[in-house]
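# mind looking at a prediction? Sequence and model below.
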Amino acid sequence: MKNILLLSTFILTIFACQPTEKTEEKQETTKEDSPSFDATKSDQKAVELADKVIAAHGGIENWNNTRYIAWNFLGARDLIWDKYTGNVRIDFPSQESTYLININEDTGRVKLGERELTKADSLDKYIERGKQIWVNDSYWLVFPFKLKDPGVQLKYVGQDTTKNGEEAEVISLTFEKVGFTPQNKYKAYIDPQSHLILQWDYFKNASDSAASFQNIWTDYQEYGDIMLSSGRDERELGNIKVGQEWDDKVFEEF
């Protein structure tokens with residue numbers, strides 16, 4: 001229950017860095033101008049560990065080639081994400097709301113109850129809220145592939161144990177003027193053999209001495225060509241599906 005309360009408090013802050021996903025065509029034409037991870041601002045050992053983590057979870061090529069991801073966020077809501085176009089659908093039953101948004105263009109449609117929003121101010125507000133939900137929920141799922149996002153600074157912390165006693169190599173992530181909340185910090189506990197994430201710690205402020213919360217990562221499975229973990233302590237990221245084809249009507253129809 002404590003973690004659930006923390007989640008509602010931090011829903012707008014948990015994801016400090018999310019670069020815009022582009023279509024394949026746009027990636028090709030803007031590659032030189034796109035921001036990239038700056039390894040010179042991180043510890044070499046931390047960068048090497050991050051590379052091993054990304055490889056263990058399927059590798060950056062398989063991640064880039066993965067188009068659609070669907071999942072349920074901790075029993076609260078369902079999401080479908082087209083990584084190539086930026087289209088996202090969010091069904092949020094407890095709030096009787098559905099978001100059909102494009103997180104690249106900040107456009108979309110929103111339905112609250114039986115009413116679709118039409119006034120520009122209200123619609124823009126809820127499109128922004130939908131993007132923040134996606135930012136939060138996707139980071140919980142695909143964090144291993146975000147370790148070398150633009151603006152991320154990695155530091156090797158050392159060897160430690162997770163809260164359930166597993167030995168781990170630990171790196172920290174801080175952020176340089178990127179995302180909604182660049183003051184955040186994370187620690188990633190990495191299995192020395194498999195290089196899978198064993199635990200993450202979230203700090204609301206990088207200067208905080210104690211984590212706001214910690215989650216053990218469990219229940220790893222292959223989804224398509226990537227490896228994802230669904231277990232977060234007693235909670236779950238459920239109904240995970242990965243595909244290269246999807247009925248795009250889900251992004252168009254309530």
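Alright, I've got the coordinates. Since the model is a prediction, treat every value here as computed from it, not as a measurement.
# contacts only, for N164.
By CB atoms under 8 Å, 6 or more residues apart in numbering, the contact set of N164 is I216. Every residue, glycine included, has its C-beta placed from N, CA and C.
# pLDDT value on it, please?
At N164, the pLDDT value in this model is 96.
# for E114, give me phi and psi.
Main-chain dihedrals, E114, degrees, to the nearest 10: phi -100, psi 10.
# neighbours of it, how many?
If you count neighbours by other CB atoms under 10 Å, E114 ends up with 7.
# got the contact list for I133?
By CB under 8 Å, 6+ apart, the neighbours of I133 are 11, 77, 79, 90, 92, 99.
# ignoring the adjacent residues along the chain, who's closest to the second one?
Meaning R77. F92 (4.3 Å; CB to CB, 6 or more residues apart in numbering).
# which element, helix or strand, includes the residue nearest to the spatial centre of the chain?
Nearest to the centroid of the C-alpha atoms of the chain, with distances taken as CA atoms, centre = their mean, sits Y139, at 1.4 Å. Y139 belongs to helix 120-142 when assigned by DSSP states H and E.
# avg pLDDT for stretch 82-99?
Stretch 82-99 comes out at a mean pLDDT of 98.
# give me the residues contacting stretch 107-118.
By CB under 8 Å, 6+ apart, stretch 107-118 touches 95-102, 123, 126-127, 130, 254.
# report the two of those separated the most.
Farthest-apart pair in the contacts of stretch 107-118 is E96 and N102; separation 22.3 Å (CB to CB).
# quick one: the helices in the stretch 1-150 of the chain?
Secondary structure of the stretch 1-150 of the chain by DSSP state H, counting those that start in this stretch: the helices cover 2-10, 24-30, 44-56, 60-65, 120-142.
# got a list of what F37 touches?
F37 is in contact with 148-150, 152, counting by CB under 8 Å, 6+ apart.
# and the residues you listed, which two are furthest apart?
So, the contacts of F37 by CB to CB: farthest apart are K148 and P150, at 8.6 Å.
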